[in-house]
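Trainee: sequence? don't have it. structure:
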């Protein structure tokens, strides 16, 4: 196969703003971080593409970017230098790349303002089936409904196993489509809140009942600093286990840690590792990301990553 992974979903040029006082309507809040205008490269699809490419995986993001800022902001070099496959990057003339302002105040309240730009649904169109014929897995993250449904349609048409990085965004995933994706997906990642939403929608008492309804073989629930839980459907039974969070350095910024977990897990999965090891790989890759500001700033190369993984496993014995 030409590509290990196809991934869809929004890209984003992020600006992170922290205020020294609580945000209040009608009041001015002072910004305390001097790097507030600095662009951080983000978006689930490119976060995953970037960190997996650093691990020598062949990752193809199916994304659209603006005509000028793609180069001017350094986004192009950011992806290219990591080794991301660029064959499916579409440039939309006279439009900007998606951008986002992430605001956090002194009481840890968060406000997010997002401009979809080139990833707006009005630019969505049929994706090239040739990309899907050459892929081992497809990862669906959050994008416009039009892009998500086309990515889903192509994965089904070309029999590409689907991995769903769940998001409770009902504009991107109207309920009927959401159910369809969950039932077709081979691997599902969710947090505790999202797991509850899956159970509510399908009327399940336990998340493992989803195995009886669809194609899922693996469901992973991330628990933040409490680690993760996996459920693996085998021919004979359902195997589950808990993995502790990998803790190495000081936690500076947790944005992007979920994407890193998925990336580390899927790195192991595509290398033929067992599910427990895959969860540990996800946890270890996340531990790098949370040590620096930015979704991919501290993404390791493969050798550094596996060295820390081996340390983590030895500590667990």
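Mentor: Looks like it arrived, so ask away. As the structure is a prediction and not an experimental result, all values here were calculated from the model.

Trainee: can you give me every residue that contacts the closest residue to residue 250 other than its chain neighbours?
Mentor: Excluding the flanking residues, the one nearest residue 250 by C-beta to C-beta, 6 or more residues apart in numbering is residue 291, at 6.7 Å. All C-beta spots, glycine's among them, are computed from the backbone N, C-alpha and C. Counting by C-beta atoms under 8 Å, 6 or more residues apart in numbering, residue 291 touches 248-252, 298.

Trainee: 7 Å instead?
Mentor: Shown in contact with residue 291 (C-beta atoms under 7 Å, 6 or more residues apart in numbering): 249-250, 252, 298.

Trainee: from those, list just the buried residues.
Mentor: residue 298 (16 or more other C-beta atoms under 10 Å).

Trainee: so residue 179 is in which element?
Mentor: Using DSSP states H and E, residue 179 maps to helix 175-184.

Trainee: and that helix, what's buried?
Mentor: 178-182, 184.

Trainee: coming back round to it: most widely separated two among the contacts of residue 291?
Mentor: 250 and 298 (11.7 Å; C-beta to C-beta).

Trainee: which one of the contacts of residue 291 is nearest to residue 37?
Mentor: Nearest member of the contacts of residue 291 to residue 37, counting by C-beta to C-beta, is residue 252, at 19.3 Å.

Trainee: my read is that that closest one contacts residue 292, right?
Mentor: Yes: the criterion here is C-beta atoms under 7 Å, and residue 252 meets it with residue 292 at 5.9 Å.

Trainee: tell me, what's touching those two both at once?
Mentor: Counting by C-beta under 7 Å, 6+ apart, nothing touches both residue 252 and residue 292.

Trainee: hang on, the earlier thing: output the contacts of residue 291 as a markdown table; include the columns distance to residue 117, secondary structure and pLDDT.
Mentor: Formatted as a markdown table, the contacts of residue 291 follow (distance: C-beta to C-beta, whole Å; DSSP: H, G, I helix; E, B strand; the rest coil; pLDDT from 0 to 100):
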| residue | distance to residue 117 | secondary structure | pLDDT |
| --- | --- | --- | --- |
| 249 | 34 | coil | 82 |
| 250 | 34 | coil | 84 |
| 252 | 28 | coil | 81 |
| 298 | 27 | coil | 92 |
